[in-house]
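Participant: Give me a model of this one.
(one chain, ligands or ions: 1)
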Amino acid sequence: MRVLSIFVTVFTLVLVAPAAMGDDAISRLMHSTESLPQAPAAPRPAENVSAPSVGARPRGPLPIVMSARIGDHDDRTRLVLELSDPVNLRAFSLANPDRVVIDMPEVAWKLGAPPRPTGYGAIKSYRYGLFRNGNSRMVLDLNRPVTVSDTLVLPPSNGFGYRVVIDLFPTNRAKFDAGAGWPADLKKRESDAEKLAAMIAASQSPAGDAARRGARGKVIVIDPGHGGLDSGTAGVNGLLEKDLVLAEGLRLARVLKARGYSVHMTRDDDTFIPLRQRVAMSRADRADLLISLHADSNPDHEVTGLSIYTLSDGRSDREAAALAKRENQSDIIAGVDLSGDNNPVAPILIDLAQRDTINKSSRFATTALSSLKNVTDILARSPHRSASLAVLVAPDVPAVLIELGYLSNRKDAAQMNTESWRSGVARAIADAVDSQFAPPTRQALGNPE
Ligand SMILES: [Zn+2]
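Facilitator: As a prediction, the model looks like this:
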């Protein structure tokens, strides 16, 4: 994945003049700093009891976010969102990298032309989308430490819908760091989800396990990368990594199921799943193999071909390390908390037991490459690489991450959009799964026939 989604803007050195002072209500909001409370001193506005809150998927049509504006002033950066319906939002900040996360109930995003930050204000770039069911999220990447005002919701007027105003005031590093961090209830929810996954793994009886494991007795977990507000990389033809890998993952699941495998997906829709949750899911499923699907991009648009990554103990070449940095960024992009000892991008320590898992992973990577070379281009130089990839760290689950091709290359991007390429690649991966788990043949057992 290339760093951010298509909506994220490039830092520009050209001075972008502020939008012309219009006479409409939103323009006035953008430019007035007197008529509004000087947050953060203002009291928190009362929660709108009739409006949906984070975690709720409102009955009926989703509230629509119709527009967003960013205004840079001497004393603050102001973000205004215009919505069709009132919603309860909450904003919090996370450090390293510095971000502001705005959580809201599930909404539909209809921003025609999302505004580009000037690069001079507090907002460097931003992205938005579904974080999990019932929870849409906007993440602002910051140029400097800020204090976040209380969110102010203004009722419709002058033909505009509900407007949410959030001000970002400059502050110092110490104050920002002191206030940054996940709200306690969100933190608890995340650790509860991990505990639950561990409990499920511990409680599975061997008998139930066998029944659950399907005809061939093997569980394959397919992990389409990215999702929701993390789009992954964007193709030269507009194809988004998150959509490509979901479609290919669902296709591979159908092929493997038809061959008798028990198949689980870490996501089967356009939802964001944190990296460590993907790992926890594969462990809870006692997976025999995790296949994580991605597509890469490269500033050199000539680079093409598929490559496969397995876990390294930190000794990876420069290109592999750069890829790991890109793919491990998923949680940062989506505003997942990385503080504490569960940091998935911390250096990975590999124990002896894990070596066996890594050997199995490498064997699969080799088989898969020889099967895939018949149906797609393979990266010219060392297509099997190892890197410290956070999604591959389960010590007991053999795992590979397949970069299906380069969305930055015109030919790769075009063929990844075709039925024939997609079904060919899904079959080739399934063939490699067959080879990995095929019982020893009579020949290999030395049958005298
Ligand atoms: Zn990716």
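
Participant: Please count neighbours and contacts with C-alpha atoms only from this point.
Facilitator: Noted.

Participant: so which strand or helix has whatever residue of the stretch 251-400 of the chain ends up closest to the ion?
Facilitator: Relative to the ion, the nearest point of the stretch 251-400 of the chain is H294 (4.4 Å; C-alpha to the ion). H294 belongs to strand 289-296 when assigned by DSSP states H and E.

Participant: Identify the residues contacting that strand?
Facilitator: 1-2, 219-225, 233, 241-242, 245, 249, 282, 361, 391, 397-408 (C-alpha atoms under 8 Å, 6 or more residues apart in numbering).

Participant: Put the alpha carbons of stretch 172-187 into PDB.
Facilitator: Presented in PDB, the C-alpha positions along stretch 172-187 are these (Å, rounded to 0.1, in the frame of the first residue of the first chain):
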ATOM      1  CA  ASN A 172       3.000  22.600  23.200                       C
ATOM      2  CA  ARG A 173       4.400  19.100  23.000                       C
ATOM      3  CA  ALA A 174       4.100  18.400  26.800                       C
ATOM      4  CA  LYS A 175       0.400  19.400  26.900                       C
ATOM      5  CA  PHE A 176      -0.400  17.500  23.800                       C
ATOM      6  CA  ASP A 177       1.300  14.300  25.000                       C
ATOM      7  CA  ALA A 178      -0.400  14.600  28.400                       C
ATOM      8  CA  GLY A 179      -3.800  14.700  26.800                       C
ATOM      9  CA  ALA A 180      -3.200  12.200  24.000                       C
ATOM     10  CA  GLY A 181      -4.400   8.600  24.200                       C
ATOM     11  CA  TRP A 182      -7.400   6.400  23.600                       C
ATOM     12  CA  PRO A 183     -10.500   7.000  25.700                       C
ATOM     13  CA  ALA A 184     -10.700   4.300  28.400                       C
ATOM     14  CA  ASP A 185     -13.800   2.600  27.100                       C
ATOM     15  CA  LEU A 186     -12.400   2.200  23.600                       C
ATOM     16  CA  LYS A 187      -9.200   0.700  25.100                       C
END
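
Participant: mind listing the strands in the stretch 301-449 of the chain by residue range?
Facilitator: 307-311, 384-387, 399-406 (DSSP state E, counting those that start in this stretch).

Participant: which stretch in those strands has the least confidence?
Facilitator: Least confident of the strands of the stretch 301-449 of the chain, judged by mean pLDDT, is strand 384-387 with a mean of 91.

Participant: Strand partners (parallel or antiparallel) of that one?
Facilitator: strand 307-311 (parallel) (DSSP bridges).

Participant: Where does the prediction get shaky in the chain?
Facilitator: 1-50, 56-58, 189-216, 313-315, 337-352, 439-449 (pLDDT under 70).

Participant: Is it possible to get the strands of the stretch 301-449 of the chain out as JSON lines so that each row also shows mean neighbour count and distance to the ion?
Facilitator: Listed next are the strands of the stretch 301-449 of the chain as JSON lines, based on neighbours: other C-alpha atoms under 10 Å; distance: least, C-alpha to the ion, whole Å:
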{"stretch": "strand 307-311", "mean neighbour count": "26", "distance to the ion": "12"}
{"stretch": "strand 384-387", "mean neighbour count": "22", "distance to the ion": "14"}
{"stretch": "strand 399-406", "mean neighbour count": "27", "distance to the ion": "7"}
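
Participant: got the residues of the stretch 251-400 of the chain near the ion?
Facilitator: H294 (C-alpha under 5 Å from the ion).

Participant: For the stretch 251-400 of the chain, which segments count as helices?
Facilitator: Secondary structure of the stretch 251-400 of the chain (DSSP state H, counting those that start in this stretch): helices at 275-284, 318-328, 330-333, 352-372.
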